[in-house]
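Student: sharing a sequence plus its predicted fold:
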Amino acid sequence: MRSTTGWLGWRAARYVLFGLGLLLAGSGVSHAQLRLDITEGVRDAVPIAIVPFDGQAEGGSNDIAMVVAGDLRLSGRFAPLDRKDMVARPATGSEIRFQDWRLLKSDYIVVGRVVTERGVTSVAFELFNVQTGEALLAETVPVPGQSMRAAAHRIADLVFERLTGIPGAFSTRIAYVSVEGTPPSRRYRLVVSDADGFNARNVTESSEPIMSPAWSPDGQDLAYVSFESRTSAIYVQRLATGERRRVSARAGINGAPAFSPDGRRLAITLSRDGNLDIYILDLATQALTRVTSDEAIDTEAAWSPDGKSIYFTSDRAGNAQVYRVDLATAKEAERVTFTNGYNARPRVSPNGEELAMVTLDRGGYRIGVMDLKSRTLRVLTDGQQDESPSFAPNGATVIFASESRGNGDLALVSSDGRYQERLRSDSGDVREPAWSPYPVR
Amino acid sequence: MKFTHFLAVAFLALGLAACTKPKQTKPAEPPATAETGGAATSGVGEAATGSKPLTAQQQALAALRTKNIVYFDYNSSEIPQEYLAVVTANAAYLVKYPTARLRLEGNTDERGSREYNIGLGERRAQTVRRAMLAKGVAEGQMTTVSYGEERPAVPGNDEAAYDQNRRVEFVYAQ
């Protein structure tokens, strides 16, 4: 696997949002200003100082403090102190002069150092409350596979969890599809990168479309749709080895794969005479079970975390809406969405309490999150062409694809909608992000 | 710096707002950039290449060159009146040449979710297929595929681009 697309950089979406706000309002700066406040949300981000770690050169892609700060900033909940404002470089708790950091208005401070003992390198770090001087965390993390970045992501996970009560999801990965060029030299690539966009690697590529990447629950395999044989087929590929198998290439459509929570089955969409329905494919036995049998388009299956029901898109009522079918009773599917004229591509949050989807909101396709208990739908984004939402495994953030000015980018929104950030690719369009589960430890 | 950036974006937003003109008429000719499928099969145009004089079948195929796309309305899989002639012409060719093989490629514009659009593209391809069957084409002469929004004929995010991307292409195997 060779390295490919990396992010040009993280860029705040505020200008784009502001512009679209103008578009939606027709005119009127005050309306746009309000949108900017709602979506920016960084105002109350917690200031934190991540001091450069002792024992390594500053700058470069392996700079641990830089990676930790980037992760925390990306979460939208923290505002890391600019390095050039740091007056000292303490490496341990005893070296910290808390009054200095209080003047710099940091609420918390992280210090650390790279340690090599008997040929084994690890990273020790400490987290302190700047106001009280209280030690909140002191741990040593290994450096898996010589990767300082992986160690840094682990540190960010621990700091995030200690300060928010939510496990960090910085040690995870994302899969996405990148498209470059124009016909006849258009290339579709399936890419996997770290959650911060680094370490992008090609999983597969083709001159024909690649779609719908889906992670296995253990994070070892990706299922996806490829048109490389000029019709759609579903493949399951082992990331570590690149080994793959074609699991469905039936006549008609083979689409929208989704692993069951136990990893043994794949919900897929198949068609007979053009009628799309959802089926469950047993990956070991190849046995196929039909789930829906409506004459409408039924597709985009998403499993509930308990594996007992499937949410899906159907236009059986005339336009696309989200439905739920109970697999045990196999009763008639229940309609879940009623507001807005178009709701599609559901994804269930890791705790099973929310549903992210694409919703047609005031003329734009946007990301909405529905509370499954109250059945209320909140629209989180402001784009015209936002799609493919995918929850981070900690449920705190949703990654999605957002097209603006003819460019397909990825973007992040906190699941409360308060913070949004755009991820731009340095080449071509990127789309269909799928956030990996937590790594198996 | 940031201000100029903002201006550019705001300008773009206003430009988009100004673009709410009535829908354009669909292109009468297939767009020049229309794809004819992958490497293994080529479009109708290639029948005309080569040094030998054209056979009657090759001539008939070449005549279909300007009649190989049906365009659709937004979120619709109904064949618009003005494209029934495309169906009739292609059906006549397939009835006359029973060994000819046609692939119907359904496509959508980019709006909405991708897999749902695969369904919509398939529905369009199937509508055309059924219309062809009704005109006497044998079932075994046709296959369908849906690319949804994955293979746009033209780039762009405006109605003009969308109009050209909602289509079924008629692709003949050589």
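Tutor: Looks like it arrived, so ask away.
Student: quick one: the helices in chain B, in order.
Tutor: B:2-17, B:56-63, B:84-96, B:114-134, B:159-165 (DSSP state H).
Student: will you turn these into a markdown table that also has mean pLDDT and distance to chain A?
Tutor: No exception for glycine: its C-beta is placed from N, CA and C like everyone else's. Formatted as a markdown table, the helices of chain B follow (pLDDT from 0 to 100; distance: least, CB to the nearest CB, whole Å):
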| stretch | mean pLDDT | distance to chain A |
| --- | --- | --- |
| helix B:2-17 | 38 | 4 |
| helix B:56-63 | 93 | 20 |
| helix B:84-96 | 97 | 16 |
| helix B:114-134 | 97 | 3 |
| helix B:159-165 | 95 | 10 |
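Student: buried set for the helix or strand containing A:Gly112?
Tutor: For A:Gly112, the host element (DSSP states H and E) is strand A:108-117. The neighbour-count criterion (16 or more other CB atoms under 10 Å in any protein chain shown) identifies A:Tyr108, A:Ile109, A:Val110, A:Val111, A:Gly112, A:Arg113, A:Val114 as the buried residues of strand A:108-117.
Student: could you export those as JSON lines, including pLDDT and distance to chain B?
Tutor: Formatted as JSON lines, those follow (pLDDT from 0 to 100; distance: CB to the nearest CB, whole Å):
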{"residue": "A:Tyr108", "pLDDT": "98", "distance to chain B": "29"}
{"residue": "A:Ile109", "pLDDT": "98", "distance to chain B": "30"}
{"residue": "A:Val110", "pLDDT": "98", "distance to chain B": "30"}
{"residue": "A:Val111", "pLDDT": "98", "distance to chain B": "33"}
{"residue": "A:Gly112", "pLDDT": "98", "distance to chain B": "34"}
{"residue": "A:Arg113", "pLDDT": "97", "distance to chain B": "37"}
{"residue": "A:Val114", "pLDDT": "97", "distance to chain B": "37"}
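Student: for the single nearest residue of the stretch 51-200 of chain A relative to chain B, give its distance to A:Pro217.
Tutor: With CB to the nearest CB, the shortest gap between the stretch 51-200 of chain A and chain B falls at A:Pro183, namely 5.2 Å. Plainly put, A:Pro183 is 37 Å away from A:Pro217 if you go by CB to CB, to the nearest Å.
Student: over to A:Ile96?
Tutor: 42 Å.
Student: please apply the same query to A:Glu205.
Tutor: For A:Glu205, the distance to A:Pro217 - CB to CB - is 26 Å.
Student: those two: who's more crowded?
Tutor: A:Pro217 (19 against 16; other CB atoms under 10 Å in any protein chain shown).
Student: skipping adjacent residues, who's closest to that one in space?
Tutor: A:Gly263 (4.7 Å; CB to CB, 6 or more residues apart in numbering or on different chains).
Student: what's the first helix or strand after the lengthiest helix in chain A?
Tutor: If you go by DSSP H, chain A has its longest helix at helix A:148-164. Once the chain leaves helix A:148-164, the next helix or strand it forms, by DSSP H and E, is strand A:173-180.
Student: tell me what that following strand is packed against?
Tutor: Packed against strand A:173-180 by the contact rule (3 or more CB pairs under 8 Å, 6 or more residues apart in numbering or on different chains; DSSP states H and E) you find strand A:187-194, strand A:210-215, strand A:407-414, strand A:429-435.
Student: avg pLDDT for that strand?
Tutor: Mean pLDDT, strand A:173-180: 94.
Student: report the separation between A:Ala258 and chain B.
Tutor: Computed as CB to the nearest CB, to the nearest Å, the A:Ala258 to chain B distance reads 10 Å.
Student: which element is that residue on?
Tutor: strand A:254-259.
Student: quick check: the residue nearest to A:Asp157 when sequence neighbours are not counted vs A:Pro439, distance?
Tutor: Nearest non-adjacent residue to A:Asp157, counting by CB to CB, 6+ apart: A:Gly168, 3.2 Å away. Relative to A:Pro439, A:Gly168 is positioned 12 Å away (CB to CB).
Student: what's the most buried one of the helices of chain B?
Tutor: helix B:114-134 (a mean of 24; mean count of other CB atoms under 10 Å in any protein chain shown).
Student: check the gap between B:Leu102 and chain A for me.
Tutor: 14 Å.
Student: if we can go back for a sec, the strand holding A:Ala258 vs strand A:210-215, what angle?
Tutor: 10 degrees (axes from the mean of the first three to the mean of the last three CA atoms, to 10 degrees).
Student: ok so, going back, between A:Gly168 and A:Pro439, which is the more surrounded one?
Tutor: Taking neighbours as other CB under 10 Å, A:Gly168 and A:Pro439 compare with A:Gly168 leading, 27 against 16.
Student: the more buried one against A:Phe160, yeah?
Tutor: Yes. Counting by CB atoms under 8 Å, A:Phe160 is a contact partner of A:Gly168 at 3.6 Å.
Student: look up phi and psi at the closest residue to A:Ala57 other than its chain neighbours.
Tutor: Leaving aside its sequence neighbours, A:Ala57 sits nearest to A:Asp63 (CB to CB, 6+ apart; 7.6 Å). A:Asp63 adopts backbone torsions of phi -70, psi 100, taken as degrees, to the nearest 10.
Student: A:Asp63 reaches A:Ile50, doesn't it?
Tutor: No. Judged on CB under 8 Å, A:Asp63 makes no contact with A:Ile50 at a distance of 10.1 Å.
Student: those two: which has the busier surroundings?
Tutor: Ranked by neighbour count (other CB under 10 Å), A:Asp63 and A:Ile50 place A:Ile50 first, with 32 against 20.
Student: which strand residues bridge that one?
Tutor: Counting by DSSP bridges, A:Ile50 is bridged to A:Val110.
Student: pLDDT at it, what is it?
Tutor: 98.
Student: can you check the one 5 residues further on too?
Tutor: The model reports A:Gly55 with a pLDDT of 93.
Student: tally up the residues packed near it, please.
Tutor: A:Gly55, neighbours per other CB under 10 Å, totals 15.
Student: contacting residues for the closest residue to it other than its chain neighbours?
Tutor: Distances taken as CB to CB, 6+ apart place A:Val114 nearest to A:Gly55, at 3.6 Å, with adjacent residues excluded. Contact partners of A:Val114, counting by CB atoms under 8 Å, 6 or more residues apart in numbering or on different chains, are A:Phe53, A:Asp54, A:Gly55, A:Gln56, A:Ile64, A:Thr121, A:Ser122, A:Val123, A:Met148.
Student: residues contacting A:Gly168?
Tutor: A:Asp71, A:Ser75, A:His153, A:Ala156, A:Asp157, A:Leu158, A:Val159, A:Phe160, A:Glu161, A:Asn394.
Student: buried subset of those residues?
Tutor: Buried among the contacts of A:Gly168 by 16+ other CB under 10 Å: A:Asp71, A:Ser75, A:His153, A:Ala156, A:Asp157, A:Leu158, A:Val159, A:Phe160, A:Asn394.
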